[in-house]
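Q: Sharing a model that was predicted from the sequence below.
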Amino acid sequence: MAALTRLACALSLLSLATVGSNAQTCLGFPAFATGPVNLSGSVSVGTEWWGAGAHANVGHRTGGLFGGANIGQIRFVDDPVESRLSAGLLGGFDRTTGGQLHLCPFATAAHEQGGFVTRLNGDRSKISGQVLGIGIAFAGEQQSGRFRSFSVAPFISARFTYISTHEAIEGAETTKSDETGASVVGGLGFRLRDAIQITPSFSTSTFENADLVFTLKVSVALQPRR
């Protein structure tokens, strides 16, 4: 159960600018002012697992509503060794305060699915789960005085998370458990010409046995042809 908690926190995390069109700067993605679509790839590392994900996000150049979708896989390296897949959705709203600080309420939903493995107690089972979250994020951007094409965007988000876990055991009934907790993500977005962003971040949560998770994300903002 602790392993699923760490997984859910990592992937449902699955983790700040001067104009009102930088909505997803709050969550460590490129600004929609540069392009209304951005694509990202990420790698996350916990204490006993690692994972990778792909993200696609859309929004308005002038701020307001934004949304996205992601898929990922996580691999546990301790016994029992197993892999799990996840798919999730993200939605939020950007509000700019004083032209400098961005405040973004957001919500997330994700589904996770593993395959049958033999547990340490001898049971063969597979674990699946649903993860729902609601939170708020803040961000701000600092442009380099010497290199005008380079900027740094720090961000932080806090989220209330609900996890529903199902364990299907061969030859027995499926067990279900529910957990709630809070998670926090903080990081820095390093931007080149606003279109390319490298984002290291750390996350943790109040769930029992939760990891300190490091994530490295690379993003590109896309400008559709006219």
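A: All right, it came through fine.
Q: now the helices for the chain?
A: Here the chain has its helices, by DSSP state H, at 2-13.
Q: what about the strands in this structure?
A: 37-45, 49-59, 64-76, 82-97, 101-114, 117-118, 124-139, 142-143, 150-169, 175-192, 196-205, 213-222 (DSSP state E).
Q: Of all those, which one comes closest to residue 28?
A: strand 196-205 (4.5 Å; Cβ to Cβ). (Glycine included, C-beta is placed from N, CA and C.)
Q: In the closest one, which residues are buried?
A: 197, 199, 201, 203-205 (16 or more other Cβ atoms under 10 Å).
Q: quick check, nearest of the residues you listed to residue 173?
A: residue 205 (28.9 Å).
Q: distance of that closest one from residue 75?
A: 20 Å (Cβ to Cβ, to the nearest Å).
Q: Same question for residue 83.
A: Relative to residue 75, residue 83 is positioned 5 Å away (Cβ to Cβ).
Q: Then residue 181?
A: In terms of Cβ to Cβ, residue 181 sits 23 Å off from residue 75.
Q: out of these two, which sits in the more crowded spot?
A: When neighbours are counted by other Cβ atoms under 10 Å, residue 181 and residue 75 differ, and residue 181 comes out ahead with 17 against 13.
Q: wouldn't that one be in contact with residue 209 here?
A: No: when contacts are counted by Cβ atoms under 8 Å, residue 181 is not listed as touching residue 209 (11.4 Å).
Q: coming back round to it: I'd like the strands of the chain laid out as JSON lines, including distance to residue 29 and mean pLDDT.
A: Formatted as JSON lines, the strands of the chain follow (distance: least, Cβ to Cβ, whole Å; pLDDT from 0 to 100):
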{"stretch": "strand 37-45", "distance to residue 29": "6", "mean pLDDT": "93"}
{"stretch": "strand 49-59", "distance to residue 29": "6", "mean pLDDT": "92"}
{"stretch": "strand 64-76", "distance to residue 29": "8", "mean pLDDT": "91"}
{"stretch": "strand 82-97", "distance to residue 29": "10", "mean pLDDT": "88"}
{"stretch": "strand 101-114", "distance to residue 29": "11", "mean pLDDT": "90"}
{"stretch": "strand 117-118", "distance to residue 29": "34", "mean pLDDT": "89"}
{"stretch": "strand 124-139", "distance to residue 29": "10", "mean pLDDT": "92"}
{"stretch": "strand 142-143", "distance to residue 29": "17", "mean pLDDT": "68"}
{"stretch": "strand 150-169", "distance to residue 29": "9", "mean pLDDT": "92"}
{"stretch": "strand 175-192", "distance to residue 29": "8", "mean pLDDT": "92"}
{"stretch": "strand 196-205", "distance to residue 29": "7", "mean pLDDT": "94"}
{"stretch": "strand 213-222", "distance to residue 29": "6", "mean pLDDT": "93"}
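Q: Contact partners for residue 119?
A: 80, 125 (Cβ atoms under 8 Å, 6 or more residues apart in numbering).
Q: repeat that for 10 Å
A: Contact analysis of residue 119 by Cβ atoms under 10 Å, 6 or more residues apart in numbering lists 79-80, 82, 125, 127, 167, 169.
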